[in-house]
Each structure stands twice: as structure tokens, then as C-alpha cells.
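Participant: Give me a model of this one.
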Amino acid sequence: MLKRKEIFLLLSLTVAAILLHGYHPWAEDAEIYIPGVLRSLNPQLFPHDRPFFESHAHLTLFPNLVAGLVGVTHLPMEWVLLLGQFASVFLFLYACWRLSGICFSDSAARCAGVMSVAALLTLPVAGTALYLMDQYFNPRNIAAFAAIFAVVATLERRYVHACLWLLFAASVHPLMAVFACSYCVLLPLVKAVNVRIEHATPAFAGMMLVTPFLGELQTPSPAYRAAAAFHSFHYVTRWAWYEVVGAIAPALIFWLFARLARKRQRPALELLCRSLVVYDLVYFVAAVILAIPARFESLARIQPLRSLHLLYGLLILIGGGLLGEFLLKTRAWRWVLVFLPICGGMFAAQVQLFGTSDHVEMPWTAPKNDYEQAFLWVRQNTSTDALFALDPGFLHAPGEDSQGFRAIAQRSRLADDFKDSGAVSMFPALAEEWYAQTEALKNWQSFGKSDFQQLRQRYGVSWVAVQRPQPMDLDCPYQNRTVSVCKIQ
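Facilitator: As a prediction, the model looks like this:
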């Protein structure tokens, strides 16, 4: 049981982490997950574009979980998402606190480990396009704390509890649960057979990942390849050199940690680190195998190096713990000297990333971002069966801050280049429709009234959201300094 002092520490770190890293409930992958929640709450929404988000929604209980909480608590969805983010960050830090207690007996080490995790929640995980925890509530955040709890239960030999945590993770994010499961399987195997790191084999994890997809080795279509081109992080051969170093270097670091743990006679810490060396090398080899042969191209979507998500969390926790034990100790000035620049750098990075949005977007505050304001007007002033067209690259437009149209406006739109191509990369059956829609939006910046009317004739588009200055002769009932929302007659 947590002591009062520990509860206060974890609650304080949770609040500090959210204030440090920001909160953006509609950003990035919220454009994939939130529409599923909205449709669970109101089946009349998104009559035109459901396949692009329901492909994910059908594999997770996240929409049911959030919609169920809205129904039970009678709170607006915005408040449920905020509370869900707070709970997921708290449980992630609590899971790390539990694991640090297995690895370290020194209180300074435990505090330093968990504080390191809190300070680095939005650290990019090599070239995977992932953070340890996102700045919004989503299935990955839930799977993250469930994975750490499963590791804790495995080390404590409470295998039923570990299985329950893994099943819970799988119910919200099956892919991330696979990586957690493989590591939890690896832990007792390494302990039982005393695996030497240099004799490790990637067979078990490779088979676990690839087996469900063995029937899908056909050559990808041109449409699929066009979508996959927006997601080069699926292919380790396309990573920058420093990203590849970020995938391989942890194996050396954990090998050094394992040697230190053996000298200090800390068997649990040694087992964790030795297993992580094997785990890292296993998935790196799998990623290389899937990235090189052309016939495996479609299998790259299983993204073996997303395994680094769990690995980086454990690396920061263990590394921070050792830092606290051997360097920081009880010297307050050392803690300030280490954590102040880290927190300052992480805060500055997030402020720059979401430069035109509030750093913490609370349910009771009006949005500052021009795109968010326009999307909110769309929600309040257009019918639920409206179909919108936007620049297919709108999520990366200057000042847009990756704020999701579907998540905020709660209206259907034609396919975009970035998020919908991600659905295609995971579900190739969507490729042809995605390609047709994005091709219809090609050269968006030079579109005129006749081009928009063609979209109406072909797809039934009734509205467009365009960057100002908008094309001439459009009826635009809403305008701000950046965006116009125009009706297509």
C-alpha cells in the first residue's frame, strides 16, 4: 500500500508532468481515436468517412471505455478525457514507483528514477514517432502503465496478475500489448536458462509478431506504397543515423547496467537489464529483416521497433535511479542542477511544437489556435451529415499544431495525407479509396470555385475549410485571420 507521503509525491509529479509537457486533447492521433468515441456517443456522426477511423476503433475498447465513463459520470467528454489523462499519467508513475522498489532500496534512487520519467514523458523514442506518454488521453497511454504493472507482477512471480494486466493492455492497444507480453515472457526464460546475452536468439519474438500476418505477403499496391511513404518511421532503413543509434545504443547501456547490478548483488535489476539487451536486439533484427526484402514491405506496418517504447521507459527509470543513488543522493543542489535544465528543455520543446495553441488546453478555456476556432465553429453551425474538404496536408500547415478536424469539428471530411494514410498503412484494404480522395485534392493550393464544385459532384462535399486568402466567389460565413469556412453550392 502507498503511504501518504508517496501518494502526495506521485500526485505532485503527475500535476507537474502535465503542466510541464502540456495537454492537447484533440492533437495528433486524437484525430484517429476521438471520432470512435464520438460515434459511440452519437451514431449519427461521421456518415461519410467512418472506415478511416473505425478500422482502429474495432480493435480497441478505448471508445467504449470513454463513452461508458461519460455515461456513468454524466460529465462532458472533454472532462472525461482530462481526467483520463491525469489518471493514466498517475498510474504510469505509480507503476514506475512500484518497479523502482524492486530495483532499488535507496529512497533517493527511487525518487530520482520516477522523477526522471516524469521529466521526460515527451522524449521522442528514437525514430518511432512515439513519446513515452502523449499529451492527450489515448490507448497508448493506457497500455503504457499496464505494461509496467505487468512487468512488476512478472518479477514478483504473480503471473495471473501479469496476464490480467497484459489482457487489459491488449483490449485497448493490441500491438503495444504484444511487446509487453514478449518482454514478460522473456524475463522468466532468461532467469530459468541463464541466457548469455551473446547467445540470444530473436526467434520467439519474431514469430509472435509475424505469424498473424503470414498470409499477407503479396506485393503492395501503388496506392498502399503512396500511403506508406508518409510513414517512413515504419522502415528502419529510412531512419536517420542518430535514430538508429537510439535503437541500438540501449543494448550496450543495459549490458553495462547488468554488470553493475551483478557486482552490487541486485538480481532483479540484473535480470531486467539482461532481458532488455535480448529484447532490444531481437526487435532490431526483426525490424531490419522486415525493412529490406521488398516482399516483406507490407509487414513493416507491425513496426517491431515500437518495442522501444517500453524499453525507453525502463531505460529512463533505471538510469535515473542509478543517477540518484550514485550522484544526486541527498544533495538538493545536485537535484536542481540536473532536473532544472532537463525540465526547461522539455518545456521549451513542447511550447515550440504547439506554438499557436495554449500549452495546457483545459475544457473551460476557449481555444487560442485559429484552426481550432474554425473547427469549433463548424461543430456549432453545420449539420452532422455535412462532408468537408480540407488541404490534405492541413495537419502540418503552419500554425495548425496537428489539431484534428474530426476530433474538434465532429464532422466528416475527405482523406488527408498523414493520419488517414496511417490507417491505410495498417489496413491495406483502405488504400484505393484513400488514394482516390487524396488525388482528387492534389494541388489544393491552386483550387478555385470550379474545383470545389467538382468535389461536390464527385463526393458530395458541401463545405470546405481553406487558408486565407480564400479563392474568389466563395460563400464563407466564417473567417478568422488564418482560416475561412466556405459553403459549396
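Participant: gap between the residue nearest to Leu120 when sequence neighbours are not counted and Ser307?
Facilitator: Counting by CB to CB, 6 or more residues apart in numbering, the nearest residue to Leu120 once its immediate chain neighbours are dropped is Ile316, at 5.4 Å. To be clear about C-beta, it is placed using only N, CA and C from the backbone, and glycine gets the same treatment. Going from Ile316 to Ser307 by CB to CB, to the nearest Å gives 15 Å.
Participant: Counting neighbours, go ahead and name the busier of those two.
Facilitator: Ser307 (27 against 21; other CB atoms under 10 Å).
Participant: quick one, what contacts the more buried one?
Facilitator: Counting by CB atoms under 8 Å, 6 or more residues apart in numbering, Ser307 touches Phe179, Ser182, Tyr183, Ala205, Tyr279, Asp280, Val282, Tyr283.
Participant: how close does the last one sit to Leu59?
Facilitator: Meaning Tyr283. Distance from Tyr283 to Leu59, counting by CB to CB: 21 Å.
Participant: ok so, going back, and the pLDDT at the residue nearest to Leu120?
Facilitator: In this prediction, Ile316 carries a pLDDT score of 98.
Participant: Output the contacting helices and strands for the helix or strand where it lies.
Facilitator: Assigned by DSSP states H and E, Ile316 belongs to helix 308-323. When contacts are defined as 3 or more CB pairs under 8 Å, 6 or more residues apart in numbering; DSSP states H and E, helix 308-323 packs onto helix 77-103, helix 107-119, helix 139-155, helix 174-193, helix 241-263, helix 267-291.
Participant: For Asp451, which of the ones you listed is the nearest?
Facilitator: Nearest to Asp451, of all these, is helix 77-103, at 35.3 Å by CB to CB.
Participant: just checking, what packs against the closest one?
Facilitator: Against helix 77-103 (3+ CB pairs under 8 Å, 6+ apart) you get helix 4-21, helix 30-41, helix 62-73, helix 107-119, helix 139-155, helix 267-291, helix 308-323.
Participant: Format those as TSV; extra columns: distance to Trp241.
Facilitator: TSV is the format used below for the helices and strands packed on helix 77-103 (distance: least, CB to CB, whole Å):
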stretch	distance to Trp241
helix 4-21	27
helix 30-41	30
helix 62-73	35
helix 107-119	26
helix 139-155	26
helix 267-291	14
helix 308-323	16
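Participant: Which one of these lies nearest to Asp420?
Facilitator: Of those, nearest to Asp420 by CB to CB is helix 30-41, at 8.8 Å.
Participant: re earlier: tilt between the helix holding Ile316 and helix 107-119?
Facilitator: 140 degrees (axes from the mean of the first three to the mean of the last three CA atoms, to 10 degrees).
Participant: tilt between helix 308-323 and helix 77-103?
Facilitator: Using the same axes, to 10 degrees: helix 308-323 against helix 77-103 is 50 degrees.
Participant: from the chain's centre, how far out does helix 308-323 sit?
Facilitator: Mean-position distance between helix 308-323 and its chain equals 18 Å (CA atoms, centre = their mean, to the nearest Å).
Participant: again, but for stretch 33-42
Facilitator: Per CA atoms, centre = their mean, the centroid offset for stretch 33-42 relative to its chain is 18 Å.
Participant: quick one: contacts of that stretch?
Facilitator: 25-26, 45-46, 50, 53-54, 56-57, 60, 62-64, 66-67, 70, 77, 81, 138-139, 384, 404, 406-407, 410.
Participant: Gln265: neighbouring residues, count only.
Facilitator: Using other CB under 10 Å, Gln265 has 8 other residues around it.
Participant: Phi, psi for it please.
Facilitator: phi 60, psi 60 (degrees, to the nearest 10).
Participant: And the pLDDT at it?
Facilitator: Confidence score, pLDDT, at Gln265: 93.
Participant: likewise Val378?
Facilitator: 97.
Participant: same thing with His56?
Facilitator: Predicted confidence (pLDDT) for His56: 81.
Participant: Any buried residues in stretch 44-56, and which?
Facilitator: Neighbour counts over stretch 44-56 (16 or more other CB atoms under 10 Å) mark Leu45, Phe46, His48, Asp49, Pro51, Phe52, Phe53, Glu54, Ser55, His56 as buried.
Participant: surely the fifth one meets Glu432?
Facilitator: No: Pro51 sits out of contact with Glu432 when judged by CB atoms under 8 Å, with a separation of 11.5 Å.
Participant: After the helix or strand of the chain with the lowest mean pLDDT, heading C-terminal, what element do we hit next?
Facilitator: Lowest on mean pLDDT, DSSP states H and E among the helices and strands of the chain sits helix 203-210, with a mean of 46. As assigned by DSSP H and E, the chain's next helix or strand after helix 203-210 is helix 222-228.
Participant: For the stretch 51-200 of the chain, give me the ranges with low pLDDT.
Facilitator: Under the criterion pLDDT under 70, the flagged ranges of the stretch 51-200 of the chain are 194-200.
Participant: go with 80
Facilitator: Applying pLDDT under 80 to the stretch 51-200 of the chain picks out residues 193-200.
Participant: go on, the stretch 351-489 of the chain?
Facilitator: In the stretch 351-489 of the chain, residues with pLDDT under 80: 470-472.
Participant: Give the buried residues for stretch 9-28.
Facilitator: So for stretch 9-28, counting by 16+ other CB under 10 Å, buried means 9-10, 13-14, 17-18, 20-28.
Participant: And Thr122, its phi and psi?
Facilitator: phi -100, psi 30.
Participant: Just the buried ones from the contacts of Ser307, in PyMOL syntax?
Facilitator: Those of these that count as buried under 16+ other CB under 10 Å are selected in PyMOL with:
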select buried, resi 179+182+183+205+279+280+282+283
